[in-house]
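1. sequence and predicted model, in that order:
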Amino acid sequence: MADSASTAPQARDEAADHGAVARPGKDASAPKSASQLWGDGFGRVGIRAAQALLIIAISVVAVFALLQIKLLVIPVLIALILAAAISPFVNMLKRRGINDGLSTVIAFVTLLAALGAIFTVIFFSVRSQWDDLVQQASTGLDQLQEFVLNGPIPVEEDQITQARDAIIEFATSSQVRSGAITGISVVGEFLTGAALLVVILFFFLKDGQRIWSFLTSPFKGERATKLQRVGTKSQEVLGGYIRGTSVVALVDAVFIGVALFILQVPLALPLAMVVFIGAFIPIVGATMAGVLAALVALVANGPLVALIVIAVVIAVNQLEGNLLQPVVMGKSLQLHALVILLALTAGTLLAGIVGAVLSVPLTAVTWSIIKIWFSNEAPKTPATEQAPDPDVAAESTH
């Protein structure tokens with residue numbers, strides 16, 4: 001009996017030990033909870049991937065929706081850029097004592113007159129000699145093709161023909177024509193867009209600050225401060241970009257136009273106007289316009305003059321990239337060349353020529369907004385910058 005009594009506690013202790021060992025094994029084999037699944041490394045990667053997919057889906061839906069109302073979106077964007085470009089002129093008029101309404105009217109009329117004069121000169125100078133320009137460029141392509149075929153590098157004619165057809169097909173495709181040619185051919189849409197542009201531009205000049213304050217009024221605290229910085233920075237970037245691009249385009253057109261005139265290349269004025277327009281498409285615009293000028297020079301003046309024109313175009317592009325853009329634009333366009341090319345491609349595919357013109361400044365503004373929104377740096381205010389030291393103030397009272 002004593003032996004059985006002494007073995008009973010020992011059996012219970014062994015059973016307890018086995019149970020203690022078994023319980024952790026049972027817990028280890030139990031399924032993980034949702035918090036544990038999403039909390040490990042793979043779970044965090046999955047959360048980030050889901051967030052990225054959600055952002056991409058929302059962006060695609062937003063772009064698709066905006067493309068359905070291009071007739072409204074494009075005038076708004078152009079009016080926004082023009083208003084940002086001329087806002088320093090409006091502020092200058094206000095500082096001289098002119099009231100808000102009159103300064104807005106003066107700036108508005110001045111801008112419309114300047115744009116009207118520019119487009120009138122471009123239209124009539126290009127229209128009167130457009131057929132000759134197209135014929136000269138086509139003949140230049142034929143001569144260039146013949147030179148390549150008979151040159152030292154063996155190239156098959158089929159390869160050149162395919163490359164030329166691909167370029168022509170892209171230039172005449174619906175994506176390229178959708179932003180400009182289609183809008184001009186449909187007179188009603190063009191006039192409607194022009195009327196919307198004029199009206200929206202006037203109200204942006206007159207009540208731009210009030211409109212932005214109304215849009216940001218639901219936000220308070222740090223978000224409201226960041227939104228105010230976003231508005232100021234966006235205006236600086238858009239205004240600096242369009243003013244700087246206009247100066248660069250004018251310099252390109254003058255230098256290349258003067259060179260064409262000195263070399264006695266025909267159609268010098270239309271070619272200079274094409275260079276001016278092309279300069280608003282960064283990297284590729286002025287270069288393609290210079291190639292067109294070289295083709296015309298090849299037909300009319302021979303290969304030597306064409307090579308001189310190409311040298312002038314290269315020199316002007318170097319001047320633009322290394323001197324004009326850093327000095328004129330400053331920090332308004334802090335984008336890598338690859339980002340600019342990707343933005344140009346996306347803009348051209350989505351909205352044609354208008355998309356190519358608007359894509360780069362909008363990309364620059366988007367990048368500025370991202371940097372401001374995710375920056376932890378507190379904005380400097382005059383009060384914080386000029387606040388006196390309390391110790392110094394105390395000593396000065398004595």
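-> The structure has been received and is ready for your questions. Numbering: from 1, shown residues only.

2. following the one helix or strand Ile211 maps to, which helix or strand shows up next?
-> Here Ile211 sits within helix 187-216, counting by DSSP states H and E. Scanning forward in sequence from helix 187-216 by DSSP H and E, the next helix or strand is helix 221-262.

3. that next one to helix 187-216, inter-axis angle?
-> 140 degrees (axes from the mean of the first three to the mean of the last three C-alpha atoms, to 10 degrees).

4. okay, now Ala113: neighbour count?
-> Ala113 has 10 neighbours, counted by other C-beta atoms under 10 Å. Heads up, the C-betas are built off the backbone N, CA and C, glycines and all.

5. which helices and strands does the helix or strand hosting it pack with?
-> Assessed by DSSP H and E, Ala113 sits inside helix 100-127. The contact analysis (3 or more C-beta pairs under 8 Å, 6 or more residues apart in numbering; DSSP states H and E) places helix 100-127 against helix 70-95, helix 187-216, helix 268-278.

6. can you pull the buried residues of the helix or strand harbouring Thr345?
-> Using DSSP H and E, Thr345 falls within helix 337-373. Across helix 337-373, burial judged by 16 or more other C-beta atoms under 10 Å covers 340, 343-344, 347-348, 350-365, 368-369, 372.

7. so what does the helix or strand containing Phe42 touch, helix or strand wise?
-> If you go by DSSP H and E, Phe42 is part of helix 41-68. When contacts are defined as 3+ C-beta pairs under 8 Å, 6+ apart, helix 41-68 packs onto helix 34-39, helix 337-373.

8. let me have the helices and strands packed on helix 100-127 in CSV, adding mean neighbour count and distance to Ile55 as columns.
-> Below are those laid out as CSV (neighbours: other C-beta atoms under 10 Å; distance: least, C-beta to C-beta, whole Å):
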stretch, mean neighbour count, distance to Ile55
helix 70-95, 18, 21
helix 187-216, 15, 22
helix 268-278, 23, 34
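
9. and these as TSV, adding distance to Leu335?
-> As requested, those are exported to TSV (distance: least, C-beta to C-beta, whole Å):
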stretch	distance to Leu335
helix 70-95	16
helix 187-216	24
helix 268-278	19
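
10. the ones you listed: which one's closest to Ala293?
-> With C-beta to C-beta as the criterion, Ala293 lies closest to helix 268-278 of those, at 4.6 Å.

11. skip ahead from that closest one and say which helix or strand is next.
-> Later in the chain than helix 268-278, the nearest helix or strand by DSSP H and E is helix 285-301.

12. got the angle for that next one vs helix 337-373?
-> Using the same axes, to 10 degrees: helix 285-301 against helix 337-373 is 150 degrees.

13. any idea of the mean pLDDT in helix 285-301?
-> Mean pLDDT, computed over helix 285-301, is 81.

14. stretch 194-204 too?
-> Stretch 194-204 comes out at a mean pLDDT of 87.

15. show me what it is in contact with.
-> Residues outside stretch 194-204 that contact it (C-beta atoms under 8 Å, 6 or more residues apart in numbering): 71-72, 75-76, 78-80, 82-83, 104, 108, 111-112, 211.

16. so which of the helices and strands packed on helix 100-127 is nearest Leu292?
-> Nearest to Leu292, of all the helices and strands packed on helix 100-127, is helix 268-278, at 6.3 Å by C-beta to C-beta.

17. which elements pack onto the closest one?
-> If you count contacts as 3+ C-beta pairs under 8 Å, 6+ apart, helix 268-278 packs onto helix 100-127, helix 130-149, helix 221-262, helix 285-301.

18. at 10 Å what do you get?
-> Judged by 3 or more C-beta pairs under 10 Å, 6 or more residues apart in numbering; DSSP states H and E, the packing partners of helix 268-278 are helix 100-127, helix 130-149, helix 221-262, helix 285-301, helix 303-319.

19. shaky segments in the stretch 51-200 of the chain?
-> Within the stretch 51-200 of the chain, the segments meeting pLDDT under 70 span 125-138, 140-187.

20. good, we can wrap up now.
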